[in-house]
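>>> Return atomic coordinates for the entry below.
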Amino acid sequence: MRVGFLGAGLIATYHSKSIRHSGFDVERAGVYDPDEPRAVAFAQASGHYVCHSTDEVLDDCDVAYVCSWTSEHLAIVANAVARRIPVFCEKPLATTLADAEELTRLVTEAGLINQVGLVLRYSPAFVVTRSLVHAPQAGRVMAAVFRDDQYIPIQGQYDSTWRADVTKAGSGTLLEHSIHDLDMLEFLVGPIAAVSGRSAAFHDLAGIEDAVTVSLAFEGGAVGTLASVWHDNLSRPSLRRVEIFCEHRHVVVEGDDWYGPVSWSDTDGATHTLTGDALVDAADPLIERPKNPDGAFLTAVRDGTPAYPDVHVALRAHRLVAAIYESAALGGGSVRCASSS
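All right, here's what the predicted structure looks like:
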């Protein structure tokens, strides 16, 4: 299976390494990035070879990883669809809801195997948390508190300077980063029925918000909050803390997105913590597909089976993002969210 990459930044490097760790045997095909030195560095590190256009990569691969800046996703995916090449598309799908809907339509009508980079659905920490939250002894979910902060990714290890350009990124921390968090909130708690949001911009980047707070109402009756911040504290890369309050159980996820720790306490006073290998072992029986998201995608392509999460899962998160931006534009008023079904 020949794997090509469109984009050669940090997230492309992550997926390249993840493919290697998955143990899936692939042939490293072309890589293209408008920043040619970045493509050269990626190729030297990964075993791919440098191409000089999207077409050149797609002409010589069986699977395409779309890791470009967000504004290019739709055009690249449409190009892959025309060639009937399965795609792994990074999140978000597009800079606007309309383009995300169009990308979803193209892939769906073509019947192509596809997966989106909402990789936290494979995280042992979040998979175990979901199981703890929905265990009968936990009782009903009452409230969720989700905080996500990182230094603004136009610097440091991310070096995604394009995220300062609204024409390439679409907007800021909510779309470009916390689309993960909205997906996780529904994954952990259940469908979101309504949102109200407020946003602020401290970096003076046109159209790029760097602080967002959201109030959430879930269909099951629970309430929640999300705080998403892009700051300049370089000692804090991407960090999340999640608290979920059930009638009889309190669950906390913090530290590493993948390896925890996950801690919980019950009404009987007992407290528990899982982290590292113990957390991975607890998650294993809860994940039906291969545990590595890139290995799962390549296995689906090989076997001709649906991959997960796909564009429909991502589109739901886009619709939540759009509702929050609508609310913020209205000064924080409540906006109903269409049913996730």
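>>> ok, now which ones touch the spatially closest residue to Thr13 that is not a sequence neighbour?
When the adjacent residues along the chain are set aside, Thr13 lies closest to Phe42, with 6.5 Å between them (CB to CB, 6 or more residues apart in numbering). C-beta coordinates here come from the backbone N, C-alpha and C atoms, glycine included. By CB atoms under 8 Å, 6 or more residues apart in numbering, the residues touching Phe42 are Phe5, Ala8, Ala12, Thr13, Ser16, Val31, Asp33, His48.
>>> Which of those residues ranks first by neighbour count?
Phe5 (31 neighbours; other CB atoms under 10 Å).
>>> Confirm that that residue sits in a strand.
Yes. Counting by DSSP: H, G, I helix; E, B strand; the rest coil, Phe5 is located in a strand.
>>> who's it bridged to?
Under DSSP bridges, the beta-bridge partners of Phe5 are Val31, Tyr65.
>>> pretty sure it is touching Arg38, no?
No. Phe5 lies out of contact with Arg38 (CB atoms under 8 Å); the separation is 11.1 Å.
>>> rewinding a little: let's have the contacts of Phe42 in a markdown table, adding secondary structure and distance to Glu56.
Shown next, in a markdown table, are those (DSSP: H, G, I helix; E, B strand; the rest coil; distance: CB to CB, whole Å):
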| residue | secondary structure | distance to Glu56 |
| --- | --- | --- |
| Phe5 | strand | 12 |
| Ala8 | coil | 14 |
| Ala12 | helix | 16 |
| Thr13 | helix | 20 |
| Ser16 | helix | 18 |
| Val31 | strand | 10 |
| Asp33 | coil | 12 |
| His48 | coil | 12 |
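>>> Stretch 23-37: which residues count as buried?
Phe24, Val26, Arg28, Ala29, Gly30, Val31, Tyr32, Asp33 (16 or more other CB atoms under 10 Å).
>>> Go through those and say which is closest to Ile76.
Nearest to Ile76 out of the buried residues of stretch 23-37 is Tyr32 (CB to CB; 9.6 Å).
>>> which residues touch that closest one?
The contact partners of Tyr32, by CB under 8 Å, 6+ apart, come to Phe5, Leu6, Gly7, Ala8, Ala39, Val50, Cys51, His52, Ser53, Thr54, Glu56, Val57.
>>> helices and strands around whatever helix or strand the last one lives in, which ones?
The one in question is Val57. Per DSSP states H and E, Val57 falls inside helix 54-58. Packed against helix 54-58, as judged by 3 or more CB pairs under 8 Å, 6 or more residues apart in numbering; DSSP states H and E, are the following elements: strand 2-6, strand 27-32, helix 73-82.
>>> Just send the ones you listed back as JSON lines, with mean pLDDT too.
Listed next are these as JSON lines, based on pLDDT from 0 to 100:
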{"stretch": "strand 2-6", "mean pLDDT": "98"}
{"stretch": "strand 27-32", "mean pLDDT": "98"}
{"stretch": "helix 73-82", "mean pLDDT": "98"}
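>>> Tabulate those in a markdown table, adding columns for distance to Ala110.
Below are the helices and strands packed on helix 54-58 laid out as a markdown table (distance: least, CB to CB, whole Å):
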| stretch | distance to Ala110 |
| --- | --- |
| strand 2-6 | 18 |
| strand 27-32 | 21 |
| helix 73-82 | 5 |
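>>> Looking at the ones you listed, spot the one closest to Phe146.
Among these, helix 73-82 comes nearest to Phe146, with 25.4 Å by CB to CB.
>>> Next one: Ala64 relative to Cys51, how far apart?
12 Å (CB to CB, to the nearest Å).
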